[in-house]
Structures are given as C-alpha cells and as structure tokens.
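>>> with the input below, show me the fold.
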Amino acid sequence: MPVVWGNHNNSDIYLNVGILDASTFSLAGPISATPIAAPTMFRALIDTGAQKTMISPNVINTLNLPPLGKILIGGVGPQAHYHNADLFYVAFVMAVLQPGQTTIMPGQQMTAVVNISGNPIYGAEIPAAATGGQFDVLLGMDILSTGCLVVGSGIYSFAW
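As a prediction, this is how the structure comes out:
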C-alpha cells in the first residue's frame, strides 16, 4: 500500500502532488506498464471539507489546460458560483530509498515511484485569491476518500 507522509503545523496540511492533463495522458493498461515523464509538481492543501479537488489558475496556465465546462461550487456561505472545470489526474510522487539510505540530499539522483489517481478528476478552477498564494491544488474528498488519511501530533500520512 503506497503512503505519503509529512509534518503539519496543527492547522494546515500541505504536500506536493503532480498534476497531469487527462487529454494528453491515458492510463490504458496497467500503471506499472505506463512509462511517464515526471509530472509537473504543485503544492496542495488537504481539505476534508471539500467534496471536489480544485486547481488554481497557475496549474491551468502551466499545463495549458483547456476548460471543458463549468461546475457549480458552493462554499461556507449561501452563495454558489459556476467555475471553469478541467479534466486532470493527481499523482503522488515518492522517492525510492536504497537499502540503508535514510535521506536524499539536494541534487542527488534518485528513483521515484509515481502513483496516479485511478480516474481523471473533473475539477473546478479555484480563484487565485482563495489560495492566498499558499497552494495551487485543493485536495478534496474525491481523492481523499480513495485512501486513509491519518492526522497525528504534528504528522500526517495518507495511504491508498
């Protein structure tokens, strides 16, 4: 079972995820038989209160994602608004440590394992102002419900 883990500040949980354009990437066949280039990485905020994963204009511009429709998004208040929607995959990239290795030094060559969400996400664009410049991906329950999120004293893990 793959797992990503890290530290949190007792308020927010951030991690880096890859985003892949679903119109140019296909998971036809087993994932292990699908060689891919390293996905473009973005900072994500885990949000258990969000039903859907959303991406910022930075992700959309970086990957040149075309809008495929609109999704009605509601927030904490009574107002709901339509947002542009895109089709993409979320990828979790994990370094593979060699036997006896406990850390990876900056610039060190490494092997990585890329685990890609099984189905493309039809997610909305989150307004840049809503991210506060802190993140580019809002990981919602459509991704989180595929695994097990554990939050402890200063640490988190997500396994799927």
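
>>> so after the host helix or strand of residue 122, what's the next helix or strand?
Residue 122 belongs to strand 121-125 when elements are defined using DSSP states H and E. Note on strand 121-125: by DSSP H and E, the next helix or strand toward the C-terminus is helix 128-131.

>>> and the next element down the chain from that following helix?
Next along the chain from helix 128-131, counting by DSSP H and E, comes strand 137-139.

>>> that following strand: partners in the sheet, and parallel or antiparallel?
strand 40-46 (parallel), strand 54-55 (antiparallel) (DSSP bridges).

>>> quick check: buried residues in the first one?
Looking back up the chat, that one is strand 40-46. For strand 40-46, burial by neighbour count (16 or more other C-beta atoms under 10 Å) applies to 42, 44, 45, 46. The way it works is simple: take the backbone N, C-alpha and C, and place the C-beta from them, glycine included.

>>> do the same with stretch 49-65
Neighbour-count burial for stretch 49-65, counted by 16+ other C-beta under 10 Å, picks out 50, 52, 53, 54, 55, 56, 58, 59, 60, 63, 65.

>>> out of those residues, which two sit at the greatest distance?
50 and 63 (20.5 Å; C-beta to C-beta).

>>> which strand runs longest in this structure?
strand 80-96 (DSSP state E).

>>> can you tell me the strand partners of it and which way each runs?
strand 14-21 (antiparallel), strand 69-74 (antiparallel), strand 111-116 (antiparallel), strand 121-125 (antiparallel).
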